[in-house]
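K.L.:
What would the 3D arrangement of this be:
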Amino acid sequence: MRFYQVQDMGDFGHQYADWFTTRREAEKRKREIERDGIDCWDVRAYDIPTTKKALLAWLNINGNPTGFGGC
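P.N.:
Presented below is the predicted three-dimensional model:
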């Protein structure tokens, strides 16, 4: 299952992540964030597995305390 993510650097250095089902929606959100003068990363596509075992493995690789795929 493919999802798209937009991450931005919010107040006080906190990272925020928004998830979307289409690239078009994600790119629209990215433009909105940038119009507000907030630093934003490119739209990222994630192929997220749908079985429990594969999803757990994916989360153990890609999940972290600052947001999925974040730095």
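K.L.:
ok, then the element right after the least confident helix or strand in the chain by mean pLDDT?
P.N.:
Least confident helix or strand, the chain: strand 15-20 with a mean of 87, by mean pLDDT, DSSP states H and E. Scanning forward in sequence from strand 15-20 by DSSP states H and E, the next helix or strand is helix 23-35.
K.L.:
List the strands paired with the helix or strand following that next one, with their directions.
P.N.:
Using DSSP H and E, the helix or strand that directly follows helix 23-35 along the chain is strand 44-47. Using DSSP bridges, the strands paired with strand 44-47 are strand 2-9 (antiparallel).
K.L.:
CA atoms only: put the strand it pairs with into CSV for me.
P.N.:
The C-alpha coordinates for strand 2-9 follow below in CSV (Å, rounded to 0.1, in the frame of the first residue of the first chain):
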residue,chain,number,x,y,z
ARG,A,2,1.5,3.3,-1.0
PHE,A,3,1.3,6.5,1.1
TYR,A,4,2.9,9.9,0.7
GLN,A,5,4.5,11.9,3.5
VAL,A,6,5.3,15.5,4.0
GLN,A,7,7.5,16.5,6.9
ASP,A,8,8.1,20.0,8.2
MET,A,9,10.0,21.7,10.9
